[in-house]
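# show me how the following folds:
(one chain, ligands or ions: 1)
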Amino acid sequence: MAATKGSRAKGNKRSGRNPRRGGASRWTQRVHRGLRILQVPELAKLSWLVHGFSTRVGGVSKLDGKRVLNLGFTEWDKRENVKENRRRLQAAVGAQDLKLVSLLQFHSDGILHFETAPTEPARGDASVTKRAGLLLAVQTADCVPILLVDPKNRAVAAVHAGWRGTLARIVEKTIGRMQMQFGSKAEDLLAAIGPAIGGCCYEVGTEVAAAYSGQFANAAEFFDELRTGDEPNPLQWMNMMPPGHQPPPKKVLLDLQKANRAQLEAAGVPAKNIFASDLCTACRRDLLFSYRKEGAESGRMMAVIGIRGSRGSEQSRAEVNSRQLKVERKKRQ
Ligand SMILES: [Zn+2]
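I've put the predicted structure just below:
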């Protein structure tokens, strides 16, 4: 995993293996009009696709005297600021012509299939489409944003997975929906797991650990230590507290990215096709929003994915041209 650039290059030369193997992608930053958008090279190279994970940097909203790219309609921000920020995000990822489809998220496992942009935002926590011209979006500030791509059938999905959505297996169900709706195969999918609160910072109560161990056989892997609240509490004995005066339930650390990666793999997505950001929202408040750390005064980031329009797109024309070239080259050989 921690191979240096040099050693990996050498390894490739020796074995002649595909450098994409292992999914150890280096995320890139796209800078546009002061915005910094995080991208996965393996997705960025698909010319029919647009995608990106926003950061807090840039934008027209003001938070603590600094300009930030708040993309959610929060109480502290003006509606027109958010709309302008969304326009700038679309421009930064090259999706000005696409229609933004954002959701009214409620930590559910609700998955919506879009063929056209809805007139009113719909309630749900994941969206799927095969239609060009739609830009699917999920908003986060600690929760896990996941983008899915089916390169064979040219279909995409955006998923919002907090602890409740993860527990409800929303990413697994989204893959099921793509299979049903588009004939997607899990083995073909590419998955980008965006910045989220990390296992370093995400404290949850033991009741969450208990719920996870009831749902996932491998739940212990997602926590720093799996305490479900049923164990005898050594502190209680040491402090000699009288009965009924127990200390508050202890906290455990949950790694939501790991839990979602496990779901993706269990559903059949190859590990080499899963690209996870290593940024923690709570550790990197210079770059990201964290609801845990900032509370109601936090902004919202957006993860977006869409299929470019087939007409008038320079990119798709370039792609057609390059395909034709390849065909011609083959013919000549
Ligand atoms: Zn952290």
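
# from here on, just use CA atoms for contacts and neighbour counts.
Will do.

# pLDDT weak spots in this protein?
Applying pLDDT under 70 to the chain picks out residues 1-25, 230-249, 310-333.

# try it again at 80.
1-25, 226-250, 310-333 (pLDDT under 80).

# would you list the phi and psi of the nearest residue in space to residue 161 that is not next to it in sequence?
The shortest distance from residue 161 to any residue other than its chain neighbours is 5.0 Å, reached at residue 144 (Cα to Cα, 6 or more residues apart in numbering). With angles defined as degrees, to the nearest 10, residue 144 sits at phi -90, psi 120.

# enumerate every residue touching whatever residue of the stretch 1-150 of the chain ends up closest to the ion.
Closest to the ion within the stretch 1-150 of the chain is residue 142: 10.0 Å, counting by Cα to the ion. By Cα atoms under 8 Å, 6 or more residues apart in numbering, residue 142 lies in contact with 162, 195, 196, 197, 281, 282, 289, 290, 291, 292.

# adding neighbour count and secondary structure, write the residues you listed out as JSON lines.
Converted to JSON lines, the contacts of residue 142 look like this (neighbours: other Cα atoms under 10 Å; DSSP: H, G, I helix; E, B strand; the rest coil):
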{"residue": "162", "neighbour count": "25", "secondary structure": "coil"}
{"residue": "195", "neighbour count": "30", "secondary structure": "coil"}
{"residue": "196", "neighbour count": "29", "secondary structure": "strand"}
{"residue": "197", "neighbour count": "29", "secondary structure": "coil"}
{"residue": "281", "neighbour count": "27", "secondary structure": "coil"}
{"residue": "282", "neighbour count": "24", "secondary structure": "coil"}
{"residue": "289", "neighbour count": "33", "secondary structure": "coil"}
{"residue": "290", "neighbour count": "25", "secondary structure": "coil"}
{"residue": "291", "neighbour count": "19", "secondary structure": "helix"}
{"residue": "292", "neighbour count": "16", "secondary structure": "helix"}
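
# return the member of those nearest to the ion.
Nearest member of these to the ion, counting by Cα to the ion, is residue 282, at 5.0 Å.

# go ahead and confirm the closest one touches residue 199.
No: counting by Cα atoms under 8 Å, residue 282 stays clear of residue 199, with 10.3 Å between them.

# contacting residues around residue 43?
Residue 43 touches 49, 51, 190, counting by Cα under 8 Å, 6+ apart.

# re the thing from before, what about the residue nearest to residue 161, how many residues nearby?
26 (other Cα atoms under 10 Å).

# just checking, it touches residue 256?
Yes: with contact defined as Cα under 8 Å, residue 144 counts as touching residue 256 (7.0 Å).
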